[in-house]
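1. Could you look at this predicted model? Sequence included:
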Amino acid sequence: MKRALFGPSELSPEIKARARQNASIALDSIEFRRPWTIEAFVMQVSIDRARPVIVMDNNLLVGATRTTGFWRPASTADYIHVSADVSEQAKEFIILHELGHILCGHPRPAVSGPDHPPMKKFAYDEFPTVPASLIDELNGATLDMHQANPCTYSVLEIEAEWFALLASDRADAFRRPTVASNAPRRTQEILDYYQRGLGW
């Protein structure tokens, strides 16, 4: 499942092109290694940033009509919540999208913010299984930004979506190992050394 988010019509082609360029620059900051898996990629991002990224299946997102994942930064780690009822392929793309927000340097959503009744109503409708008290507590800056400036919010989403698309395409070339898993350890190390140097 690969999708493309081109954003609202009020965004100019230049802005959309810049969003793709920013996503590409962010992607180039992370080395792709073989054999590529989303789990190894998340761990690599965590190590490179010296800040853990923790992916969690979230049953509260099951049944949501538009939201299948979100990024929740905490004081010592970044949490990516993914709906527990999506396919593995969809889960991978959602994780890449949320990593895009992190690696593109998007503003961290706050855990609390000004009260925006329209956005809270959206959250109540979107997450019927989430207690209202929790929505009130987590009514944060990301929703505030969307309410105050939908175009700015959309640019951030387009950047994250481009990151996920570009990362998924690049990952396809790294999913298979270049040497059988039962090959001698020294052979694996030598091939790993050369494939890194040659960018395989």
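-> Perfect, I can see it now.

2. which SSE is the closest residue to residue 167 other than its chain neighbours in?
-> Computed as CB to CB, 6 or more residues apart in numbering, the closest residue to residue 167 that is not its neighbour in sequence is residue 96, at 4.8 Å. Bear in mind the C-beta positions are built from the backbone N, C-alpha and C, glycine included. Assignment of secondary structure by DSSP states H and E places residue 96 within helix 88-103.

3. And the strands in the protein, which stretches?
-> For the chain, the strands defined by DSSP state E occupy 53-58, 69-73, 78-83.

4. which parts of stretch 14-21 are buried?
-> Within stretch 14-21, the residues that qualify as buried by neighbour count (16 or more other CB atoms under 10 Å) are 16, 19, 20.

5. weakest of the strands of the chain in terms of mean pLDDT?
-> Per-stretch mean pLDDT for those is lowest at strand 69-73 (a mean of 87).

6. how near is the residue nearest to residue 167 to residue 172?
-> Residue 96 sits 12 Å away from residue 172 when distances are taken as CB to CB, to the nearest Å.

7. How about residue 34?
-> Computed as CB to CB, the residue 34 to residue 172 distance reads 12 Å.

8. Tell me which of these two has more neighbours.
-> residue 34 (17 against 11; other CB atoms under 10 Å).

9. and which of the buried residues of stretch 14-21 is nearest residue 75?
-> Closest approach to residue 75 among these (CB to CB): residue 19, at 29.2 Å.

10. which residues does the closest one contact?
-> For residue 19, the contacting residues are 7, 155, 158, 159, 162, by CB atoms under 8 Å, 6 or more residues apart in numbering.

11. One more pass at 6 Å, please.
-> By CB atoms under 6 Å, 6 or more residues apart in numbering, the contact set of residue 19 is 155, 158, 159, 162.

12. Include pLDDT when you put those residues into TSV, please.
-> Conversion of the contacts of residue 19 to TSV gives the following (pLDDT from 0 to 100):
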residue	pLDDT
155	83
158	89
159	91
162	93
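
13. Out of the residues you listed, who's the most crowded?
-> In terms of neighbour count, residue 159 stands highest of the contacts of residue 19 at 28 neighbours, by other CB under 10 Å.

14. Residue 24 is in contact with that one, correct?
-> No - under the criterion of CB atoms under 6 Å, residue 159 is not in contact with residue 24, lying 9.9 Å apart.

15. Contacts only, for the residue nearest to residue 71 when sequence neighbours are not counted.
-> Spatial nearest neighbour of residue 71, chain neighbours left out: residue 98 (4.4 Å); criterion: CB to CB, 6+ apart. By CB under 6 Å, 6+ apart, the contact set of residue 98 is 69, 71, 80.

16. Quickly list what the last one is bridged to.
-> Each beta-bridge partner of residue 80 is listed here, defined by DSSP bridges: residue 55, residue 71.
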